[in-house]
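[1] okay, predicted coordinates and the sequence, questions at the end:
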Amino acid sequence: MEIFEAIRGRRSVRVYKKDPVKEEDLKKILEAGILSPSAGNSQPWEFVAVRDAKVKEKLVAGSGQGKLMDAPVVIVVCANISRSSKAYGERGVSLYSFQDTAIATYGMILAAHALGYGTCWVGAFNDSAVAEAINAPKDIRPVAMIPIGRPAEKPKPTSRMPLDKVLHENKF
């Protein structure tokens, strides 16, 4: 799939078929995450692939996102705060770790779409509840969750602001 086709065709999918995610496809999706750029090449991402129903139940309890149960796999994308802080101190902790994991998340979402899977970026959750659900160490902070599965729905495109409303030349 051509990159612009992937960007234009991607939708937030919230209903999944029960078909498992092929292991080789999951590795390709995760590889798209680790191929993402990061500040100073710090690569602060950590990924937890959740397939276990009991762990998914805890993710649902910490997020209110019941549809996570339907996805064969949920990737919890985490920021390794200490890895980001080594070169950049507080800015690495408060900004770069989140920018870097966000771009890794989007890379994985596009890769999943290109492989025929549906995903949805889940960012609304209780950080400590999700961290506890995945047994995250102290310096690991959950940033996003990506449910992945074959889509059981075909969402329509959502409206977008036109470029001329958001583009500014040289200054506002």
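    Perfect, I can see it now.
[2] quickly find the element holding the residue lying closest to Leu110 once chain neighbours are set aside.
    In space, not counting the residues next to it along the chain, Leu110 is nearest to Ala6; the distance is 5.0 Å by CB to CB, 6 or more residues apart in numbering. For glycine as for every other residue, the C-beta is placed from the backbone atoms N, C-alpha and C. Assignment of secondary structure by DSSP states H and E places Ala6 within helix 3-9.
[3] helix or strand right after that helix?
    helix 23-34.
[4] average pLDDT for that following helix?
    Throughout helix 23-34, pLDDT has a mean value of 98.
[5] quick one: the strand ranked longest in the chain to helix 23-34, angle?
    In the chain, ranked by residue count with DSSP state E as the criterion, the top strand is strand 140-149. When axes from the mean of the first three to the mean of the last three CA atoms, to 10 degrees is applied, the directions of strand 140-149 and helix 23-34 differ by 140 degrees.
[6] which residues touch the closest residue to Ala111 other than its chain neighbours?
    Computed as CB to CB, 6+ apart, the closest residue to Ala111 that is not its neighbour in sequence is Ala32, at 3.6 Å. With contact set as CB atoms under 8 Å, 6 or more residues apart in numbering, Ala32 has these partners: 107-108, 110-111.
[7] highest neighbour count among those residues?
    Across the contacts of Ala32, the neighbour count under other CB atoms under 10 Å reaches its highest value at Met108, namely 29 neighbours.
[8] nearest to Lys58, of the contacts of Ala32?
    Of all those, Met108 has the smallest distance to Lys58: 21.6 Å, by CB to CB.
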